[in-house]
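> sequence plus predicted model, see below.
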Amino acid sequence: MSNIVIVGTQWGDEGKGKIVDLLSKNADIVVRFQGGNNAGHTLVVDGKQFISHLVPSGILQGKICILGNGMVVDPKVLIDEIKALSNIGIKVGPDNLKISEKAHIIMPYHKLIDLEREKKKGDNKIGTTGRGIGPAYEDKAARTGIRFSELIDSEVFIEKLKIVLDEKNFDLEHRFSAPSLNLEEIIDEYSIYAKRLASHVTNISVIIDKEIKSGKQVLLEGAQGTHLDIDHGTYPFVTSSNTVAGNACSGAGIGPKKITGVVGIVKAYTTRVGEGPFASELFDETGDRIQKKGAEFGATTGRMRRCGWLDMVILKNAVRLNSLTGLVVTKLDVLGGLPSLKICTSYECEGKIINDFPSDIKTLTLCKPVYESFPGWEEDISGITQFAELPENAKKYIKRIEEITETPVQIISVGPGRNETIMINNPFNE
Ligand code: GDP
Ligand code: IMO
Ligand code: MG
């Protein structure tokens, strides 16, 4: 039996949604264990696109989907997403969508504070998604957050909200010169959400444990990427949760011995949305070409993604931090038609060669990429489903990734659809 964690290795948007949808076929349960609707995971099935922000990407394969305790959930966004799924014929009920009673709720003041804080920071902004993620995790750590178990108990909810809102309104008015929020309005709005979602709220740790014991397989779906991790990413230009595989256990309420494999998704080049250092970023025609061909626009905010060459310093960092047992290379098709390709193999910083990803932002900002060049390929590879049929130069590119990371490439994605995939070794069959 296999229980697999899937994580992004770069700065998010690696194509996790497509791969989770694909591999969910082999799983019985799919769990999101961190983040919130800052995520935008794109699934393309029969040519139709669906972007999930909260519901795990296993939903279109008819699997049991779980929102883990490590998440911060905006109930309105979740209800809207359930409606959108129902509009495309996917029935979502308490049997196939379960929410941890310990998951935290995103409140209206979290979103306002996120936006106001970014405004105040001006040029030093992080470039957050503005969804209230950071402020919600702050409240979790400050022990003033509201969890699902409290949302669905109106007495507890009102009592807690009264105290918290007092503090938040003070901040909104006096620190941000923004209008304060009305207690009654929030209670009215959130009591509707509580009623709608109460039947989904449960102890997910107990459920997952029972299912694993009865031989079921679990897929744990990461959001964001390793270099947006609150500890290991390009701090402070990160998100507010641990995105690395280790957090799959605490964020879903399962022990580490249950995990049998960790798969890292890596885009064949690198992208980043929001601010922060990006050593292999391209500011030239090649960068524009990749951005256009890869349709690199954020699935959540629609912002244009910054593009650059594949960075092996960050990929090796992701292999170590997540104990990756396999890699999935996505969007290899996008590199077709470029006369030559580059891979960043180390950084040069003030005359020194750096092989390990630096921890501090000052050093990172000074890092210049050291490249290895490869000849490109002209062919359109989007119809290819066998590794042997790839152009020789594409094969060499993949082999070099395996060599440098000492990690096998198990899947290559050559298009957004389920079939546009080269399955070398399904992680669930190991
Ligand atoms: P996620 O956040 O990691 O799930 O990734 P996103 O959904 O934000 O961004 C990935 C984008 O690339 C989506 O628009 C996908 O449909 C698309 N995509 C995924 N894999 C491939 C691929 O192999 N080739 C191409 N051309 N597009 C892909
Ligand atoms: P998926 O799951 C790419 C980025 C934001 C910003 C930083 C902090 O689709 O890969 P936040 O709103 O989390 O406080 O923003 O993190 N970010 C993402 N970038 N993909 C994501 O998710 C992201 N989620 C957050 O752009 O730079
Ligand atoms: Mg995304």
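Done, it's in. Numbers count the residues shown, from 1 in each chain. Ligands and ions are numbered 1, 2, ... in the order given.

> show me the contacts for the residue of the stretch 151-300 of the chain found nearest ligand 1.
Nearest residue of the stretch 151-300 of the chain to ligand 1 (Cβ to the nearest ligand atom) works out as residue 299 at 3.8 Å. In this view, the C-beta of every residue, glycine as well, is placed from N, C-alpha and C. Going by Cβ atoms under 8 Å, 6 or more residues apart in numbering, residue 299 touches 13, 40, 41, 42, 51.

> mean confidence for whatever helix or strand the fourth one lives in?
What it means is residue 42. Using DSSP states H and E, the element containing residue 42 is strand 41-45. The average of the pLDDT scores along strand 41-45 is 95.

> what's in contact with that strand?
Outside strand 41-45, the residues touching it (Cβ under 8 Å, 6+ apart) are 15-18, 20-21, 49-53, 57, 60, 221, 223, 299, 416-418.

> closest to residue 25 out of the contacts of residue 299?
Distance to residue 25 across the contacts of residue 299 (Cβ to Cβ) is lowest for residue 41, with 16.2 Å.

> the longest strand belonging to the chain packs against which elements?
Of all segments of type strand in the chain, defined using DSSP state E, the longest is strand 340-349. Here strand 340-349 is seen to pack against strand 310-311, helix 312-322, strand 352-354, strand 368-375, helix 392-405 when contacts are counted using 3 or more Cβ pairs under 8 Å, 6 or more residues apart in numbering; DSSP states H and E.

> quick one, which of the ones you listed gets closest to ligand 1.
Taking those one by one with Cβ to the nearest ligand atom, helix 392-405 is closest: 12.5 Å.

> tell me which element residue 23 falls in.
According to DSSP H and E, residue 23 maps onto helix 16-23.

> now residue 162
Element membership for residue 162, per DSSP H and E: helix 154-170.

> measure how far the following helix or strand past that helix is from the centre of its chain, please.
Tracing the chain C-terminally past helix 154-170 and defining elements by DSSP H and E, one meets helix 183-197 next. Mean C-alpha position of helix 183-197 versus that of the full chain (Cα atoms, centre = their mean, to the nearest Å) differs by 28 Å.

> what does helix 183-197 contact?
Contacts of helix 183-197 from elsewhere in the structure, counted by Cβ under 8 Å, 6+ apart, are 75-76, 78-79, 99, 105, 107-108, 148, 151-152, 154, 157-158, 161-162, 165.

> filter those down to the buried ones.
For the contacts of helix 183-197, a burial check counting by 16 or more other Cβ atoms under 10 Å picks out 75-76, 78, 99, 105, 107-108, 148, 151-152, 157-158, 161, 165.

> which one of the contacts of residue 299 has the most neighbours?
Neighbour counts for the contacts of residue 299 were taken using other Cβ atoms under 10 Å; the highest belongs to residue 13, which has 28 neighbours.

> quick check: closest non-adjacent residue to it.
Computed as Cβ to Cβ, 6 or more residues apart in numbering, the closest residue to residue 13 that is not its neighbour in sequence is residue 271, at 5.8 Å.
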